[in-house]
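>>> Pasting the sequence and the predicted model now:
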Amino acid sequence: MSGWIDISQFLDEGVPVWPGDTPFSYRLTWTKEESGSVNVGQVAMSTHTGTHIDAPFHFDEEGKRVGELDLAVYAGPAKVLDREGIGWIGPETLAGEEITGVERILIRTGAWKDRSRFPKAIPPVDPALAPWLKQRGIRLLGLDLPSVDPLDSKDLPAHHALARHGVHILEGVVLDEVQAGTYELVAFPLPLKQADGSPVRAALRPL
Ligand SMILES: Nc1ccccc1C(=O)C[C@H](N)C(=O)O
Ligand SMILES: [Zn+2]
Ligand SMILES: [Zn+2]
């Protein structure tokens with residue numbers, strides 16, 4: 001194969017969405033038969049569907065929108081850590097890990113088992129992780145979960161702490177088949193200029 005490991009959730013009607021949020025849909029506006037030349041589709045979805053990034057505007061009125069984000073954050077060397085079964089993601093649960101020399105880390109918690117449904121609970125990120133990551137030069141945190149905060153959180157302390165420390169958020173990556181190690185990551189957002197988030201096609205290639 002190409003050497004690239006796709007770590008994206010496929011986007012189709014089966015992709016689970018945040019409770020109450022816009023369901024994913026793809027349909028043809030015109031079939032080839034109707035148009036006489038081509039199939040032309042249309043898509044409706046929440047910006048936080050499947051594998052996606054959060055722009056700071058998602059949780060901060062003054063925060064950057066997708067179109068203002070630095071693309072350099074979303075491509076380059078990344079370390080995948082395997083933390084199957086952890087109850088929360090914090091400095092203690094990442095201790096002992098050598099994460100120098102990369103600006104991106106992806107953590108496999110294995111907590112989202114049935115990917116056809118939205119999870120009921122997830123291991124949250126301890127806001128104290130944000131300065132810990134900043135100190136180590138990390139600019140992107142990716143998780144195999146739909147949020148970095150508890151699902152019922154309204155004040156989103158981890159989202160805010162990460163943003164304050166310059167750590168960008170990638171949610172919903174699929175790491176089921178990925179071994180811990182160092183990879184090249186690509187996870188560019190779509191050029192949705194004003195958006196609060198964007199689906200990404202995320203992929204890893206062993207380094
Ligand atoms: N889609 C939503 C609808 C309503 C309330 C929250 C969300 C979220 O997506 C929050 C989640 N922490 C996220 O960044 O993806
Ligand atoms: Zn999101
Ligand atoms: Zn989020």
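It's in. Computed from a predicted structure; not experimentally measured. Ligands and ions are numbered 1, 2, ... in the order given.

>>> Give the partner strands of the lengthiest strand in the chain in its sheet and their orientations.
What stands out as the longest strand in the chain, according to DSSP state E, is strand 75-82. With DSSP bridges as the test, strand 75-82 is paired with strand 104-108 (parallel), strand 181-186 (antiparallel).

>>> Would you state the strands of this protein in chain order?
Using DSSP E, the strands of the chain run over residues 5-6, 25-30, 40-44, 52-54, 75-82, 104-108, 140-143, 168-171, 181-186, 197-199, 203-206.

>>> Tabulate the ones you listed in JSON lines, adding columns for mean neighbour count and mean pLDDT.
(Each C-beta comes from the backbone N, C-alpha and C, glycine too.) Formatted as JSON lines, these follow (neighbours: other Cβ atoms under 10 Å; pLDDT from 0 to 100):
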{"stretch": "strand 5-6", "mean neighbour count": "16", "mean pLDDT": "98"}
{"stretch": "strand 25-30", "mean neighbour count": "12", "mean pLDDT": "98"}
{"stretch": "strand 40-44", "mean neighbour count": "11", "mean pLDDT": "98"}
{"stretch": "strand 52-54", "mean neighbour count": "27", "mean pLDDT": "98"}
{"stretch": "strand 75-82", "mean neighbour count": "18", "mean pLDDT": "98"}
{"stretch": "strand 104-108", "mean neighbour count": "24", "mean pLDDT": "98"}
{"stretch": "strand 140-143", "mean neighbour count": "26", "mean pLDDT": "98"}
{"stretch": "strand 168-171", "mean neighbour count": "23", "mean pLDDT": "98"}
{"stretch": "strand 181-186", "mean neighbour count": "18", "mean pLDDT": "97"}
{"stretch": "strand 197-199", "mean neighbour count": "22", "mean pLDDT": "98"}
{"stretch": "strand 203-206", "mean neighbour count": "17", "mean pLDDT": "98"}
